[in-house]
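J.: Here is a sequence together with a model predicted from it:
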There are 2 protein chains.
Amino acid sequence: MKEMAALSEVYERLRGEIVDGTFDAGANLVELALAERYGTSRTPIREALRRLQQDGLVERGDRGMRVRSRSPEEILEIYEVRIALEATAASAAATRHSDFDLIRIHKAQSAMDAVSPQDPAAMASANRAVHEAIWTASHNGTVVDLLTRLNNHLTRYPATTLEIPGRWAEALAEHRELVQAIESRDADRAGTLARTHMAKARDLRLQLYREA
Amino acid sequence: MKEMAALSEVYERLRGEIVDGTFDAGANLVELALAERYGTSRTPIREALRRLQQDGLVERGDRGMRVRSRSPEEILEIYEVRIALEATAASAAATRHSDFDLIRIHKAQSAMDAVSPQDPAAMASANRAVHEAIWTASHNGTVVDLLTRLNNHLTRYPATTLEIPGRWAEALAEHRELVQAIESRDADRAGTLARTHMAKARDLRLQLYREA
DNA sequence: CGGTATTCTTCTGTATACAGTCGTGTGCAG
DNA sequence: CTGCACACGACTGTATACAGAAGAATACCG
């Protein structure tokens, strides 16, 4: 195995392991332990931690850094922002999409259609791919960037709303409608559909909290 | 002079000097030079640079870091996002503001009324204070955080739209209307007003480009 | 046996050393 | 005078050394 650029390498791995729950919320991140884990010195670790701090994934405790934990209220706050940004992305995509953007969106959509509704990981990732294709079609790098980061916070909480009975089919239908609006360059409609699509996701998340 | 926590100290100073134009766009940031400038070693400098990189204020060049420059297109992209987020903040503020939030907003507003329309720096900062008071009233930390960062990118470009003849009075009027909507807890109206207020700012920015 | 003071350990923040890279300038040959 | 090669200088990426802070463990005294 070749030694990679430890700089972004460490950042990506650490981010991944925080998002996928390897380190759970509130866990103390000890630099030396991480250095050993990733086979580097403390220096690249510290830089990765600073970047993650800026992402809001990690915060300073009394002693060093720890994985930031998010209250249910904060999760809902994040959804509120995501709703607004997804709507913005969708209507921008309706206005500015290229022909190739549509190809990407359709591809992601068919992939999502083909996923077995029994495989939560595949479902989550296919769903995400569709959204990302739409973001890209917005041709607004800032929107893409912010939505990508928000997702780090939302995917950290395992239970996807897509696993709720009936939600998968519903999401597929909502995507279809949304994509259609984008294709026909109806910006207002695309924005509205994206908004209600994401608002539903937020409500379902709330539902999950209610039941738990 | 007491030696401060160099960690966040250096980050803040460097961010400030990038935003206010001390280092202009595209400038090469040499670690050793910065270390000398701030009287520390390279270590805190590097960590500040990593955080700024994550903020999008700085990017990796072939050789080290340089101040990221933004094309006019990108500036407009950022406005697009800001419009959406300001609308979100305003309608959230209408829904969730506390009594004290209103006090803060009114204070900022009177301060803005009292500013001489001859002093661009004071105008910009008073205007910003009003917006920040509204952000705070949204009680959505994520929105506040994102808007704060977007502002780093927008304030970097000196010419404020507020200096355009007639715009100052207009902005004051728009603020008044917006605050009124927030006070009367009319979320839809607050969102719409914020949206058009910011959209106007974007259009004026575009106007500035057109003339330049 | 309980509480408090003190030492010990651990870990971070900062500085510095070292190696590798990239660009640049200089010297040598044609 | 020009082209190429080589060497030098400047900077980053990575590792490590050192000091100080904060918590934990322990010992001492009531």
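T.: Good, I have the coordinates.
J.: quick one: contacts for whichever residue of chain A sits closest to DNA strand C?
T.: Closest to DNA strand C within chain A is A:Gly64: 2.9 Å, counting by CB to the nearest atom of the strand. C-betas here are computed from N, CA, C, even on glycine. Counting by CB atoms under 8 Å, 6 or more residues apart in numbering or on different chains, A:Gly64 makes contact with A:Asn28, A:Leu29, A:Val30, A:Glu31.
J.: Now, of those, which are buried?
T.: Among the contacts of A:Gly64, those buried by neighbour count (16 or more other CB atoms under 10 Å in any protein chain shown) are A:Leu29, A:Val30, A:Glu31.
J.: Chain B versus the last one, what's the distance?
T.: Yep, that's A:Glu31 we're talking about. A:Glu31 is 12 Å from chain B, where distance means CB to the nearest CB, to the nearest Å.
J.: Equivalent analysis for the first one, please.
T.: Relative to chain B, A:Leu29 is positioned 15 Å away (criterion: CB to the nearest CB).
J.: Of the contacts of A:Gly64, which belong to strands?
T.: Per DSSP state E, strands hold the following members of the contacts of A:Gly64: A:Asn28, A:Leu29.
J.: What about DNA strand C: which of the contacts of A:Gly64 touch it?
T.: Applying CB under 7 Å from any atom of the strand to the contacts of A:Gly64, one finds that A:Leu29, A:Val30, A:Glu31 fall near DNA strand C.
J.: For the nearest residue to the first one once chain neighbours are set aside, name its beta-bridge partners.
T.: Distances taken as CB to CB, 6 or more residues apart in numbering or on different chains place A:Met65 nearest to A:Leu29, at 4.7 Å, with adjacent residues excluded. With beta bridges defined as DSSP bridges, A:Met65 has these partners: A:Leu29, A:Arg60.
J.: how about A:Met65, what does it touch?
T.: Counted by CB under 8 Å, 6+ apart, A:Met65 has contacts A:Asn28, A:Leu29, A:Leu49, A:Leu52, A:Gln53, A:Val58, A:Glu59.
J.: and chain A, which of its residues are near DNA strand D?
T.: Proximity of chain A to DNA strand D, by CB under 7 Å from any atom of the strand, involves residues A:Ala5, A:Ala6, A:Leu7, A:Thr40, A:Ser41, A:Arg42, A:Thr43, A:Pro44, A:Asp62, A:Arg63.
J.: let's see it at 10 Å
T.: Within reach of DNA strand D by CB under 10 Å from any atom of the strand, chain A has these residues: A:3-10, A:31-32, A:35, A:38-48, A:61-64.
J.: just the buried members of those residues?
T.: If you count burial by 16+ other CB under 10 Å, the buried members of the residues of chain A next to DNA strand D come out as A:6-7, A:10, A:31, A:35, A:38, A:40, A:43-48.
J.: Using JSON lines, lay out those residues together with pLDDT.
T.: Below are those laid out as JSON lines (pLDDT from 0 to 100):
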{"residue": "A:Ala6", "pLDDT": "71"}
{"residue": "A:Leu7", "pLDDT": "73"}
{"residue": "A:Val10", "pLDDT": "94"}
{"residue": "A:Glu31", "pLDDT": "96"}
{"residue": "A:Ala35", "pLDDT": "96"}
{"residue": "A:Tyr38", "pLDDT": "95"}
{"residue": "A:Thr40", "pLDDT": "95"}
{"residue": "A:Thr43", "pLDDT": "96"}
{"residue": "A:Pro44", "pLDDT": "96"}
{"residue": "A:Ile45", "pLDDT": "96"}
{"residue": "A:Arg46", "pLDDT": "96"}
{"residue": "A:Glu47", "pLDDT": "95"}
{"residue": "A:Ala48", "pLDDT": "96"}
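J.: Thanks again, I'm all set now.
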